[in-house]
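J.: only geometry, no sequence info:
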């Protein structure tokens with residue numbers, strides 16, 4: 001996520017996802033399975049599942065695919081053996097990268113993530129080596145073109161629901177929450193019929209690193225592309241100012 005045009009970068013991510021829907025659907029499918037295993041198959045009683053369903057719909061996952069994923073996870077809960085793992089490391093010029101994965105084979109995933117770092121001339125570090133450079137926040141992005149509500153009303157709706165911060169960018173509004181307040185804020189906006197381009201709990205860099213060398217840019221793109229291709233990888237966070 002760039003520090004300048006958050007929404008432009010999200011649209012770029014969405015286009016990449018649209019070109020590889022199988023990947024994003026696999027990612028969300030695993031999140032559905034974990035949410036159902038932890039809180040049951042009824043979204044009314046499972047806020048985590050409600051959040052994942054909202055994410056699925058934002059990524060144009062068909063309703064029947066969502067329903068099938070929930071039913072499969074509910075009927076086969078004991079077979080859901082994914083484990084959440086996080087890797088941290090450095091890209092070129094000290095850029096910080098965090099990788100969240102859901103895996104049924106930690107050895108395979110660790111080897112693949114390490115290989116992605118190595119091929120992009122980066123290196124995997126120890127737990128905690130870069131995460132202190134990020135803040136964990138709920139983040140909701142609203143596309144101005146899609147939103148009928150004016151900025152003041154949107155801000156008050158978000159803040160009344162428990163949001164921490166509201167900012168207006170050139171092409172979007174950004175709403176930040178504490179991780180524990182994310183679900184209630186997202187649901188308040190959903191109930192107010194606010195269309196959300198992106199809604200997730202994410203890691204936001206405290207500062208950004210600008211890369212000027214063509215070789216550095218090539219290397220970090222290599223790392224990010226290899227991680228994006230790995231089906232075990234759920235999310236990648238970095239502080240490169242693209």
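T.: All right, it came through fine. Worth saying up front: this structure is predicted, and the values here are computed from it rather than measured.

J.: next SSE downstream of the longest helix along the chain?
T.: Ranked by residue count and defined by DSSP state H, the top helix of the chain is helix 21-39. Counting by DSSP states H and E, the next helix or strand C-terminal to helix 21-39 is helix 47-58.

J.: quick check: next helix or strand after that next one?
T.: That would be, after helix 47-58 and using DSSP H and E, helix 63-75.

J.: just the strands in this protein please.
T.: Here the chain has its strands, by DSSP state E, at 83-90, 96-103, 123-124, 134-143, 165-168, 172-177, 198-205, 233-238.

J.: could these be laid out in JSON lines, adding distance to residue 226 and mean pLDDT?
T.: Where C-beta positions appear, they are placed from N, C-alpha and C, glycine not excepted. Formatted as JSON lines, these follow (distance: least, CB to CB, whole Å; pLDDT from 0 to 100):
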{"stretch": "strand 83-90", "distance to residue 226": "13", "mean pLDDT": "94"}
{"stretch": "strand 96-103", "distance to residue 226": "11", "mean pLDDT": "94"}
{"stretch": "strand 123-124", "distance to residue 226": "13", "mean pLDDT": "95"}
{"stretch": "strand 134-143", "distance to residue 226": "21", "mean pLDDT": "93"}
{"stretch": "strand 165-168", "distance to residue 226": "33", "mean pLDDT": "94"}
{"stretch": "strand 172-177", "distance to residue 226": "29", "mean pLDDT": "94"}
{"stretch": "strand 198-205", "distance to residue 226": "19", "mean pLDDT": "90"}
{"stretch": "strand 233-238", "distance to residue 226": "9", "mean pLDDT": "92"}
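
J.: can you check which of the ones you listed gets nearest to residue 22?
T.: strand 233-238 (13.8 Å; CB to CB).

J.: helices or strands up against the closest one?
T.: helix 21-39, strand 96-103, strand 198-205, helix 214-229 (3 or more CB pairs under 8 Å, 6 or more residues apart in numbering; DSSP states H and E).

J.: most tightly packed of the ones you listed?
T.: Among the helices and strands packed on strand 233-238, the stretch with the highest mean neighbour count (mean count of other CB atoms under 10 Å) is strand 96-103, at a mean of 23.

J.: what does that strand contact?
T.: For strand 96-103, the external contacting residues (CB atoms under 8 Å, 6 or more residues apart in numbering) are 30-31, 34, 82-91, 109, 113, 117, 122, 130-131, 133-134, 203, 205, 209, 223, 227, 230, 232-239.

J.: try 6 Å
T.: 30, 82-89, 91, 109, 113, 130, 133, 203, 227, 232-239 (CB atoms under 6 Å, 6 or more residues apart in numbering).
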